[in-house]
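Participant: how would this look folded up:
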Amino acid sequence: MKITAIKTAPIQANFIWNLVRVETNEGISGLGEAYWGRGVEKIIQGISPLLIGEDPSNIKYLINKIFRMMSGEGSTGGAVVTAISGIELALWDLLGKSLNVPLYKLLGGRYRDQIKLYADCGQGEQPTPESWAKRVKKALNNGFRAVKVDIDNIGIKYTKQQIQKGNISWVTAHRSPISNKELSLIADLVGAVRDKIGPEIDLAVDCHWNYSVSDTIRLIKTLEPFNLMWLEDPVPPENKEVMAKVSQGSPIPICTGENLYRCHGFRDLIINQGCHIVQPDIPKVGGLLETRKIAQLADLYYMHLAVHNVSSPVATIGAAHLCATIRNFMIMEYHSLDILWWKDLINGGRPIIKNGFIKLPESPGLGIKLNKDIAKKHLVKGATYF
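Facilitator: The predicted structure follows:
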(Lines give C-alpha, C1' and ligand atoms only; values in the text may rest on other atoms or scores of the structure.)
Protein backbone atom coordinates (compact mmCIF):
# COMPACT_ATOMS: atom_id res chain seq x y z
CA MET A 1 0.00 0.00 0.00
CA LYS A 2 1.27 3.46 -0.95
CA ILE A 3 0.14 7.00 -0.14
CA THR A 4 -1.26 8.72 -3.23
CA ALA A 5 -2.63 12.00 -1.84
CA ILE A 6 -3.15 14.09 1.28
CA LYS A 7 -6.16 16.39 1.13
CA THR A 8 -7.89 18.86 3.44
CA ALA A 9 -11.38 20.13 4.23
CA PRO A 10 -11.48 23.10 6.66
CA ILE A 11 -14.78 23.30 8.54
CA GLN A 12 -16.04 26.58 10.03
CA ALA A 13 -17.42 26.26 13.55
CA ASN A 14 -16.49 28.05 16.79
CA PHE A 15 -12.95 27.28 15.59
CA ILE A 16 -11.72 26.11 12.19
CA TRP A 17 -11.55 22.33 12.14
CA ASN A 18 -8.84 21.37 9.65
CA LEU A 19 -9.90 17.90 8.52
CA VAL A 20 -7.22 15.82 6.80
CA ARG A 21 -7.56 12.77 4.56
CA VAL A 22 -4.69 10.45 3.56
CA GLU A 23 -5.50 8.41 0.44
CA THR A 24 -3.83 5.25 -0.88
CA ASN A 25 -3.58 3.22 -4.07
CA GLU A 26 -5.67 0.46 -2.49
CA GLY A 27 -8.71 2.66 -1.92
CA ILE A 28 -8.31 2.78 1.87
CA SER A 29 -8.15 6.28 3.36
CA GLY A 30 -7.55 7.71 6.81
CA LEU A 31 -9.26 10.68 8.45
CA GLY A 32 -7.54 13.13 10.79
CA GLU A 33 -7.77 16.68 12.08
CA ALA A 34 -5.27 19.45 12.77
CA TYR A 35 -5.73 22.27 15.29
CA TRP A 36 -6.93 25.63 14.03
CA GLY A 37 -4.49 28.36 13.05
CA ARG A 38 -3.29 30.51 10.18
CA GLY A 39 -1.57 28.64 7.39
CA VAL A 40 -2.21 25.10 8.65
CA GLU A 41 -4.04 23.97 5.51
CA LYS A 42 -1.30 25.38 3.28
CA ILE A 43 1.41 23.65 5.32
CA ILE A 44 -0.40 20.31 5.03
CA GLN A 45 -0.48 20.77 1.27
CA GLY A 46 3.24 21.56 1.36
CA ILE A 47 4.02 18.42 3.35
CA SER A 48 2.02 16.18 1.02
CA PRO A 49 4.79 15.64 -1.61
CA LEU A 50 7.11 14.36 1.15
CA LEU A 51 4.78 11.41 1.77
CA ILE A 52 3.55 10.46 -1.70
CA GLY A 53 4.63 6.92 -2.53
CA GLU A 54 5.43 6.01 1.09
CA ASP A 55 3.99 3.06 3.02
CA PRO A 56 1.38 4.62 5.36
CA SER A 57 1.88 1.93 8.01
CA ASN A 58 5.37 3.23 8.86
CA ILE A 59 3.90 5.96 11.04
CA LYS A 60 6.86 6.60 13.37
CA TYR A 61 9.27 6.77 10.44
CA LEU A 62 7.02 9.06 8.40
CA ILE A 63 6.34 11.51 11.22
CA ASN A 64 10.02 11.68 12.13
CA LYS A 65 10.83 12.19 8.45
CA ILE A 66 8.44 15.14 8.22
CA PHE A 67 9.79 16.74 11.39
CA ARG A 68 13.35 16.43 10.08
CA MET A 69 12.59 17.70 6.60
CA MET A 70 10.52 20.60 7.99
CA SER A 71 13.16 21.53 10.58
CA GLY A 72 13.76 24.89 8.94
CA GLU A 73 10.04 25.68 8.89
CA GLY A 74 9.41 25.76 12.63
CA SER A 75 8.95 22.07 13.44
CA THR A 76 9.50 22.67 17.16
CA GLY A 77 6.22 24.55 17.48
CA GLY A 78 3.42 26.43 15.79
CA ALA A 79 1.45 25.64 12.66
CA VAL A 80 3.97 23.09 11.31
CA VAL A 81 3.57 20.86 14.38
CA THR A 82 -0.19 21.34 14.17
CA ALA A 83 -0.23 20.26 10.52
CA ILE A 84 1.87 17.18 11.29
CA SER A 85 -0.48 16.30 14.15
CA GLY A 86 -3.43 16.15 11.75
CA ILE A 87 -1.58 13.96 9.26
CA GLU A 88 -0.46 11.57 12.00
CA LEU A 89 -4.03 11.01 13.21
CA ALA A 90 -5.14 10.23 9.65
CA LEU A 91 -2.31 7.69 9.31
CA TRP A 92 -3.44 5.93 12.51
CA ASP A 93 -7.03 5.78 11.25
CA LEU A 94 -5.79 4.35 7.96
CA LEU A 95 -3.66 1.72 9.70
CA GLY A 96 -6.55 0.63 11.91
CA LYS A 97 -8.82 0.25 8.89
CA SER A 98 -6.22 -1.73 6.96
CA LEU A 99 -5.73 -4.13 9.89
CA ASN A 100 -9.44 -4.15 10.83
CA VAL A 101 -8.79 -3.15 14.48
CA PRO A 102 -9.83 -0.10 16.53
CA LEU A 103 -7.18 2.53 17.11
CA TYR A 104 -6.83 1.99 20.86
CA LYS A 105 -5.63 -1.58 20.26
CA LEU A 106 -2.84 -0.32 18.01
CA LEU A 107 -1.75 1.94 20.89
CA GLY A 108 -1.35 -0.93 23.36
CA GLY A 109 -4.83 -1.58 24.67
CA ARG A 110 -7.04 0.30 27.07
CA TYR A 111 -7.23 1.07 30.77
CA ARG A 112 -10.84 2.23 30.38
CA ASP A 113 -13.64 1.87 27.84
CA GLN A 114 -15.18 5.32 28.26
CA ILE A 115 -13.67 8.78 28.52
CA LYS A 116 -14.92 11.44 30.93
CA LEU A 117 -15.45 14.95 29.52
CA TYR A 118 -15.80 18.37 31.06
CA ALA A 119 -17.91 21.02 29.34
CA ASP A 120 -16.20 24.35 28.77
CA CYS A 121 -18.95 26.85 29.59
CA GLY A 122 -16.94 30.04 29.09
CA GLN A 123 -18.79 32.87 30.79
CA GLY A 124 -22.36 33.98 31.28
CA GLU A 125 -23.87 36.58 28.98
CA GLN A 126 -23.59 39.09 31.79
CA PRO A 127 -21.10 39.34 34.68
CA THR A 128 -23.77 38.36 37.21
CA PRO A 129 -24.17 35.25 39.40
CA GLU A 130 -27.56 34.55 37.81
CA SER A 131 -26.17 34.62 34.28
CA TRP A 132 -23.23 32.36 35.12
CA ALA A 133 -25.45 29.86 36.92
CA LYS A 134 -27.72 29.77 33.87
CA ARG A 135 -24.74 29.09 31.62
CA VAL A 136 -23.53 26.02 33.53
CA LYS A 137 -27.08 24.70 33.83
CA LYS A 138 -26.96 24.08 30.07
CA ALA A 139 -24.05 21.68 30.59
CA LEU A 140 -25.84 19.91 33.43
CA ASN A 141 -28.94 19.52 31.27
CA ASN A 142 -26.73 17.81 28.68
CA GLY A 143 -25.54 15.27 31.24
CA PHE A 144 -22.05 16.57 31.98
CA ARG A 145 -20.60 15.82 35.41
CA ALA A 146 -17.73 18.31 35.10
CA VAL A 147 -17.62 21.93 33.91
CA LYS A 148 -15.16 24.77 33.41
CA VAL A 149 -15.66 28.55 33.48
CA ASP A 150 -13.40 31.43 32.41
CA ILE A 151 -12.67 34.17 34.93
CA ASP A 152 -10.28 36.35 32.92
CA ASN A 153 -11.37 39.91 32.20
CA ILE A 154 -14.58 39.71 34.20
CA GLY A 155 -13.54 42.87 36.00
CA ILE A 156 -14.08 44.62 32.66
CA LYS A 157 -17.71 45.44 32.04
CA TYR A 158 -18.91 43.57 28.97
CA THR A 159 -22.08 43.63 26.92
CA LYS A 160 -23.91 41.26 24.60
CA GLN A 161 -22.12 42.91 21.67
CA GLN A 162 -18.84 41.65 23.14
CA ILE A 163 -20.10 38.10 23.45
CA GLN A 164 -18.81 35.62 20.89
CA LYS A 165 -20.87 32.43 21.11
CA GLY A 166 -21.10 32.50 24.86
CA ASN A 167 -17.60 33.80 25.59
CA ILE A 168 -16.22 37.30 25.71
CA SER A 169 -13.00 37.94 23.87
CA TRP A 170 -10.25 37.43 26.46
CA VAL A 171 -7.33 38.70 24.36
CA THR A 172 -6.11 42.02 25.71
CA ALA A 173 -2.93 43.98 25.13
CA HIS A 174 -2.69 45.21 28.70
CA ARG A 175 -3.62 43.75 32.06
CA SER A 176 -3.96 45.85 35.20
CA PRO A 177 -3.34 44.34 38.65
CA ILE A 178 -6.34 42.56 40.06
CA SER A 179 -8.45 44.72 42.35
CA ASN A 180 -10.36 43.87 45.51
CA LYS A 181 -13.57 44.59 43.61
CA GLU A 182 -12.64 42.13 40.90
CA LEU A 183 -11.70 39.46 43.42
CA SER A 184 -15.05 39.92 45.09
CA LEU A 185 -16.84 39.59 41.75
CA ILE A 186 -14.89 36.44 40.91
CA ALA A 187 -15.89 34.93 44.24
CA ASP A 188 -19.56 35.78 43.62
CA LEU A 189 -19.56 34.30 40.10
CA VAL A 190 -17.64 31.11 40.86
CA GLY A 191 -19.67 30.72 44.06
CA ALA A 192 -22.89 30.93 42.06
CA VAL A 193 -21.61 28.24 39.71
CA ARG A 194 -20.66 25.96 42.60
CA ASP A 195 -24.07 26.47 44.20
CA LYS A 196 -25.81 25.62 40.92
CA ILE A 197 -23.84 22.43 40.18
CA GLY A 198 -23.58 21.21 43.76
CA PRO A 199 -20.58 19.69 45.56
CA GLU A 200 -20.27 16.49 43.51
CA ILE A 201 -19.79 18.04 40.05
CA ASP A 202 -16.16 18.78 39.14
CA LEU A 203 -15.45 22.48 38.58
CA ALA A 204 -12.38 23.95 36.85
CA VAL A 205 -11.53 27.63 36.41
CA ASP A 206 -9.54 29.01 33.46
CA CYS A 207 -7.49 32.22 33.69
CA HIS A 208 -6.08 32.28 30.12
CA TRP A 209 -2.59 33.35 31.27
CA ASN A 210 -3.99 36.61 32.58
CA TYR A 211 -2.43 37.17 36.01
CA SER A 212 0.86 37.99 37.72
CA VAL A 213 2.36 35.80 40.45
CA SER A 214 1.11 38.06 43.24
CA ASP A 215 -2.37 38.26 41.70
CA THR A 216 -2.43 34.49 41.33
CA ILE A 217 -1.60 33.98 45.00
CA ARG A 218 -4.50 36.24 45.96
CA LEU A 219 -6.75 34.50 43.48
CA ILE A 220 -5.91 31.06 44.86
CA LYS A 221 -6.86 32.19 48.37
CA THR A 222 -10.14 33.58 47.03
CA LEU A 223 -11.05 30.40 45.14
CA GLU A 224 -9.88 27.82 47.67
CA PRO A 225 -13.32 27.43 49.35
CA PHE A 226 -14.93 26.26 46.08
CA ASN A 227 -13.11 22.90 45.91
CA LEU A 228 -11.86 23.29 42.34
CA MET A 229 -10.70 20.45 40.11
CA TRP A 230 -7.97 22.84 38.93
CA LEU A 231 -6.97 26.44 38.24
CA GLU A 232 -5.86 26.64 34.61
CA ASP A 233 -3.12 28.87 33.20
CA PRO A 234 -3.08 31.63 35.83
CA VAL A 235 0.28 32.81 34.41
CA PRO A 236 1.90 32.18 31.00
CA PRO A 237 3.61 28.74 30.96
CA GLU A 238 6.84 29.77 29.20
CA ASN A 239 8.61 30.63 32.46
CA LYS A 240 8.90 27.24 34.16
CA GLU A 241 10.42 28.70 37.33
CA VAL A 242 7.45 31.02 37.79
CA MET A 243 5.06 28.16 37.12
CA ALA A 244 6.79 26.14 39.83
CA LYS A 245 6.58 29.07 42.25
CA VAL A 246 2.85 29.37 41.64
CA SER A 247 2.27 25.62 41.97
CA GLN A 248 4.31 25.01 45.08
CA GLY A 249 2.08 25.20 48.11
CA SER A 250 -1.10 25.89 46.13
CA PRO A 251 -4.06 24.05 47.67
CA ILE A 252 -5.70 24.19 44.22
CA PRO A 253 -4.14 21.98 41.51
CA ILE A 254 -2.53 24.06 38.75
CA CYS A 255 -3.16 22.91 35.16
CA THR A 256 -1.39 24.05 31.98
CA GLY A 257 -0.14 22.89 28.59
CA GLU A 258 -2.45 23.82 25.72
CA ASN A 259 0.09 26.26 24.24
CA LEU A 260 3.13 23.98 24.52
CA TYR A 261 4.49 21.87 21.67
CA ARG A 262 5.95 18.37 21.58
CA CYS A 263 7.37 16.50 24.53
CA HIS A 264 10.33 18.86 24.73
CA GLY A 265 7.96 21.74 25.46
CA PHE A 266 6.71 19.90 28.54
CA ARG A 267 10.03 18.51 29.73
CA ASP A 268 11.20 21.32 32.04
CA LEU A 269 7.65 22.01 33.21
CA ILE A 270 7.25 18.42 34.39
CA ILE A 271 10.76 17.89 35.75
CA ASN A 272 10.65 21.18 37.69
CA GLN A 273 7.17 20.38 39.05
CA GLY A 274 5.80 23.50 37.40
CA CYS A 275 2.21 22.30 37.60
CA HIS A 276 0.07 19.50 39.01
CA ILE A 277 -1.79 18.57 35.81
CA VAL A 278 -0.45 18.72 32.24
CA GLN A 279 -2.98 19.46 29.52
CA PRO A 280 -1.71 19.04 25.93
CA ASP A 281 -3.96 19.52 22.92
CA ILE A 282 -3.45 16.36 20.83
CA PRO A 283 -4.06 17.74 17.28
CA LYS A 284 -1.77 20.65 18.16
CA VAL A 285 1.05 19.26 20.31
CA GLY A 286 2.45 16.82 17.76
CA GLY A 287 -0.06 13.98 17.64
CA LEU A 288 -0.88 10.77 19.46
CA LEU A 289 2.64 9.43 19.94
CA GLU A 290 3.94 12.79 21.14
CA THR A 291 1.11 13.04 23.66
CA ARG A 292 1.86 9.55 24.91
CA LYS A 293 5.49 10.59 25.53
CA ILE A 294 4.22 13.56 27.56
CA ALA A 295 1.90 11.29 29.53
CA GLN A 296 4.68 8.84 30.30
CA LEU A 297 7.02 11.60 31.48
CA ALA A 298 4.25 13.08 33.64
CA ASP A 299 3.53 9.64 35.09
CA LEU A 300 7.13 9.41 36.30
CA TYR A 301 6.39 12.46 38.47
CA TYR A 302 2.93 11.20 39.51
CA MET A 303 1.11 13.92 37.56
CA HIS A 304 -2.25 13.52 35.92
CA LEU A 305 -2.81 14.30 32.25
CA ALA A 306 -5.93 16.10 31.07
CA VAL A 307 -6.62 16.82 27.39
CA HIS A 308 -7.38 20.28 26.01
CA ASN A 309 -9.81 19.89 23.12
CA VAL A 310 -11.61 22.42 20.92
CA SER A 311 -11.96 20.02 17.99
CA SER A 312 -14.64 18.43 15.88
CA PRO A 313 -15.84 14.88 16.62
CA VAL A 314 -12.98 13.58 14.44
CA ALA A 315 -10.06 14.66 16.63
CA THR A 316 -12.20 14.21 19.74
CA ILE A 317 -12.68 10.51 18.98
CA GLY A 318 -8.99 10.21 18.07
CA ALA A 319 -8.05 11.71 21.42
CA ALA A 320 -10.49 9.39 23.21
CA HIS A 321 -8.72 6.33 21.76
CA LEU A 322 -5.40 7.58 23.10
CA CYS A 323 -6.83 8.64 26.47
CA ALA A 324 -8.13 5.11 26.98
CA THR A 325 -4.55 3.80 26.80
CA ILE A 326 -2.99 6.32 29.22
CA ARG A 327 -2.72 5.21 32.84
CA ASN A 328 -2.59 8.73 34.34
CA PHE A 329 -5.39 10.18 32.16
CA MET A 330 -7.84 12.36 34.07
CA ILE A 331 -10.44 14.08 31.85
CA MET A 332 -10.89 15.65 28.39
CA GLU A 333 -12.45 18.95 27.33
CA TYR A 334 -15.61 19.42 25.27
CA HIS A 335 -15.84 22.94 23.83
CA SER A 336 -18.92 22.82 21.60
CA LEU A 337 -21.97 23.34 23.80
CA ASP A 338 -23.28 25.92 21.34
CA ILE A 339 -22.49 24.01 18.12
CA LEU A 340 -25.81 22.24 17.68
CA TRP A 341 -24.63 20.27 14.63
CA TRP A 342 -21.40 19.01 16.27
CA LYS A 343 -22.63 15.42 16.59
CA ASP A 344 -24.14 15.50 13.09
CA LEU A 345 -20.68 15.66 11.49
CA ILE A 346 -20.14 11.91 11.96
CA ASN A 347 -22.03 8.62 12.20
CA GLY A 348 -25.29 9.94 10.83
CA GLY A 349 -25.76 12.26 13.80
CA ARG A 350 -25.94 9.53 16.43
CA PRO A 351 -24.71 11.01 19.73
CA ILE A 352 -21.22 9.93 20.74
CA ILE A 353 -21.41 11.70 24.13
CA LYS A 354 -23.78 10.26 26.73
CA ASN A 355 -24.00 11.57 30.29
CA GLY A 356 -20.68 13.35 29.88
CA PHE A 357 -18.74 10.31 28.61
CA ILE A 358 -17.54 9.01 25.25
CA LYS A 359 -17.72 5.24 24.89
CA LEU A 360 -14.89 3.95 22.70
CA PRO A 361 -15.91 2.76 19.23
CA GLU A 362 -15.00 -0.83 18.38
CA SER A 363 -15.01 -0.36 14.60
CA PRO A 364 -11.67 -0.24 12.75
CA GLY A 365 -9.46 2.84 12.99
CA LEU A 366 -11.20 5.82 14.59
CA GLY A 367 -14.46 3.93 14.22
CA ILE A 368 -16.34 6.86 12.68
CA LYS A 369 -17.78 7.86 9.32
CA LEU A 370 -17.80 11.49 8.17
CA ASN A 371 -21.13 12.98 7.11
CA LYS A 372 -20.19 14.51 3.76
CA ASP A 373 -23.31 16.67 3.45
CA ILE A 374 -22.84 18.30 6.86
CA ALA A 375 -19.11 18.81 6.24
CA LYS A 376 -19.76 20.47 2.89
CA LYS A 377 -22.47 22.67 4.37
CA HIS A 378 -20.04 24.11 6.92
CA LEU A 379 -16.90 24.39 4.80
CA VAL A 380 -14.82 27.52 5.20
CA LYS A 381 -15.87 29.98 2.52
CA GLY A 382 -13.96 29.32 -0.69
CA ALA A 383 -12.52 25.99 0.53
CA THR A 384 -12.88 22.64 -1.20
CA TYR A 385 -14.01 19.33 0.29
CA PHE A 386 -10.93 17.13 0.00
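Participant: Now the longest helix along the chain: average pLDDT?
Facilitator: Ordering each helix of the chain by length in residues (DSSP state H) puts helix 79-99 first. If you average the pLDDT over helix 79-99, you get 97.
Participant: ok now it, how far from the chain's centre?
Facilitator: 16 Å (CA atoms, centre = their mean, to the nearest Å).
Participant: Can you name the element that comes right after that helix?
Facilitator: helix 103-106 (DSSP states H and E).
Participant: number of nearby residues for residue 100?
Facilitator: Using other CB atoms under 10 Å, residue 100 is surrounded by 9 other residues. Placement of C-beta: from N, CA and C, glycine included.
Participant: need the helices for the protein, in chain order.
Facilitator: Counting by DSSP H, the helices of the chain are 40-51, 59-69, 79-99, 103-106, 129-141, 180-197, 213-223, 240-247, 262-271, 282-285, 288-300, 313-325, 372-377.
Participant: Which strands and helices lie in contact with the fifth one?
Facilitator: Pointing back at helix 129-141 there. Helices and strands touching helix 129-141, by 3 or more CB pairs under 8 Å, 6 or more residues apart in numbering; DSSP states H and E, are strand 146-150, helix 180-197.
Participant: Switch these over to TSV; also include mean pLDDT.
Facilitator: Shown next, in TSV, are the helices and strands packed on helix 129-141 (pLDDT from 0 to 100):
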stretch	mean pLDDT
strand 146-150	97
helix 180-197	96
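Participant: Just name the most buried of those.
Facilitator: strand 146-150 (a mean of 24; mean count of other CB atoms under 10 Å).
Participant: Can you give the contact residues for it?
Facilitator: 116-123, 132, 135-136, 139-140, 167, 170, 189-190, 193, 197, 201-208, 229, 232, 331, 333, 356 (CB atoms under 8 Å, 6 or more residues apart in numbering).
Participant: list the buried ones in stretch 242-252?
Facilitator: 242, 243, 244, 245, 246, 247, 250, 252 (16 or more other CB atoms under 10 Å).
Participant: Next one, pLDDT for the fourth one please.
Facilitator: To tie it back to what came earlier, the one meant is residue 245. The model's pLDDT for residue 245 equals 93.
Participant: Identify the residue nearest it in space, chain neighbours excluded?
Facilitator: Leaving aside its sequence neighbours, residue 245 sits nearest to residue 213 (CB to CB, 6 or more residues apart in numbering; 6.3 Å).
Participant: contacting residues around the one you found?
Facilitator: Counting by CB under 8 Å, 6+ apart, residue 213 has contacts 235, 242, 245, 246.
Participant: From the recorded domain assignment, give the ranges for the chain.
Facilitator: 3-100+373-377, 106-367 (automatic domain parsing).
Participant: need those domains in JSON lines with distance to residue 385, can you?
Facilitator: Formatted as JSON lines, the domains of the chain follow (distance: least, CB to CB, whole Å):
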{"stretch": "domain 3-100+373-377", "distance to residue 385": "5"}
{"stretch": "domain 106-367", "distance to residue 385": "13"}
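Participant: Tell me how many other residues crowd residue 14.
Facilitator: Residues near residue 14, counting by other CB under 10 Å: 18.
Participant: thought it was touching residue 337?
Facilitator: No - assessed by CB atoms under 8 Å, residue 14 is found out of contact with residue 337, at 9.4 Å.
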